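> Structure for the following, please:
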Amino acid sequence: MGTGLPWGRTEDEYEREVERDLRVFGPRQQAREAIRALGQFDDAEAESFLQMLRFASSPGSLEALHHMNKEIDVRHVLRAVRVPTLILHGSEDAIVPLEVARYMASQIPAARVLEIPGIGHLAFGGSSADRIGAEIERFAKEVWEAGGWEAAEPDRVLATVLFTDIVGSTAKAAGVGDRAWRDLLERHHALIRRELVRFRGAELDVAGDGFFARFDGPARAVHCACAITERVRELGLEVRAGLHTGECELVDGKVGGIAVHIGARVAKEAQPGEVLVSSTVKDLVAGSGLRFRERGTTALKGIPDEWRLFAVERNSS
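This is a model prediction of the structure:
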């Protein structure tokens, strides 16, 4: 969970954590102290973990990982988890408060929190691993005896939805004439369908010059939208694109619900040639290499609350 939450860290606290963890690359005694701040370790465990960090990462990569994690916020998609869920939390965890686990359990249907005494943020060593394994095994057995995962709702799915439409289509059609416009639309549709196949998107609907598609991965959806907005320029067209990730209702193989409405509203806010995403999409693709520029907070027509929107930044080349 990121900063700004009741039990989250401030920016200053987060930076102090980063500085503390980077001490694992310093003098040996200082490094051991940094390791012990992460969890309950005996001497052998602390030394093994220290060696792993030193040989498997660098100061730059560890710092980059911290800053990537800070940007991740999956609160919007927790309710899409539709299987029995066990959330384990160590009673000695000095990094993540128990309130985080309780919050997750309150948002995930059929979730349960189990606090394990004497275990910190990272659980190494035979006894800790055995205790955690036993709890997971007990939970899995309980779920199996209750009928497995059959109780999960089959009619909802987490998906990334993409909406596109041609900018100034009416004026363009009037300028080229009906026949030429039909030919241009056919080429536009064929181009978008090729990109959907390339990025494993599923076409759900076409309304005039607008496409509605679904993806099971938000990063691929963003890359697809960028490819579409760039390729259609070859046809002398500009499109706007909007994306959102959320829990969707499945009806006869198609998706609906509030997440779809949000995606459509985000697309309406996009500028010509722009790929605009909700903050949910931005958070879910943290670490993918995609870069965004904040476009501010806005009210989406018919949608509760205000939404932070981000434009995808692309290389000028």
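> In space, what's closest to the residue nearest the centre of the chain - neighbours in sequence excluded?
Of all residues in the chain, the one closest to the mean position by Cα atoms, centre = their mean is L284, 1.4 Å from it. Nearest non-adjacent residue to L284, counting by Cβ to Cβ, 6 or more residues apart in numbering: P218, 4.7 Å away. From N, CA and C alone the C-beta is placed, and that goes for glycine too.
> surely the one you found meets H244?
No - in this structure, P218 is not within contact of H244 by Cβ atoms under 8 Å, at 9.2 Å.
> Find residues that contact each of these two.
T160, V281 (Cβ atoms under 8 Å, 6 or more residues apart in numbering).
> Between those two, which is the more surrounded one?
The neighbour comparison of P218 against H244 (other Cβ atoms under 10 Å) goes to H244, with 32 against 26.
> Leaving aside the residues adjacent along the chain, what's closest to the more buried one?
G263 (3.9 Å).
> neighbours of A286, just the number please.
Neighbour tally, A286, other Cβ under 10 Å: 17.
> Tell me the secondary structure at it.
coil (DSSP: H, G, I helix; E, B strand; the rest coil).
> wait, doesn't it sit right on V74?
No - contact between A286 and V74 fails when scored by Cβ under 8 Å: they sit 9.9 Å apart.
> pretty sure H66 contacts E19?
No - H66 is beyond contact range of E19, at 9.9 Å (criterion: Cβ under 8 Å).
> Mind checking which of the two has more residues around it?
H66 (16 against 12).
> Tell me who's in contact with that one.
So H66 contacts Y14, E17, V18, D21 (Cβ under 8 Å, 6+ apart).
> What about the last one, how many residues nearby?
Spelled out, it's D21. Using other Cβ under 10 Å as the criterion, the residues surrounding D21 number 19.
> Quick check: it touching A34?
Yes - counting by Cβ under 8 Å, D21 does reach A34; the two are 6.2 Å apart.
> residues in contact with A225?
L162, T164, A241, L243, V275, V312.
> One more pass at 10 Å, please.
Taking Cβ atoms under 10 Å, 6 or more residues apart in numbering, we find A225 in contact with 160, 162-164, 195, 199, 201, 213, 215, 239-243, 267, 270, 274-277, 312.
> Give me the subset of these lying in strands.
160, 162-164, 213, 215, 239-243, 275-277, 312 (DSSP state E).
> re earlier: show me the contacts for the residue nearest to L284.
77, 158-160, 162, 243-245, 277-278, 280-285, 288, 290.
> from those residues, which would you call buried?
Buried members of those, scored by 16 or more other Cβ atoms under 10 Å, are 77, 158-160, 162, 243-245, 277-278, 280-285, 290.
> tally of neighbours for P59?
13.
> for the one 3 residues further on, same thing?
Using other Cβ under 10 Å, the number of residues around L62 comes to 16.
> From what I see, it and E19 are in contact.
No - L62 lies out of contact with E19 (Cβ atoms under 10 Å); the separation is 11.2 Å.
> quick one: common contacting residues for those two?
With Cβ under 10 Å, 6+ apart as the test, L62 and E19 reach no residue in common.
> tell me which residues in stretch 192-200 are buried?
Buried residues in stretch 192-200 (16+ other Cβ under 10 Å): I192, E195, L196, F199.
> F292 belongs to a strand?
Yes - under three-state DSSP, F292 sits within a strand.
> So in this structure, where's the weakest helix or strand by average pLDDT?
Each helix and strand of the chain was given a mean pLDDT (mean pLDDT, DSSP states H and E); the minimum falls on strand 254-256 at a mean of 78.
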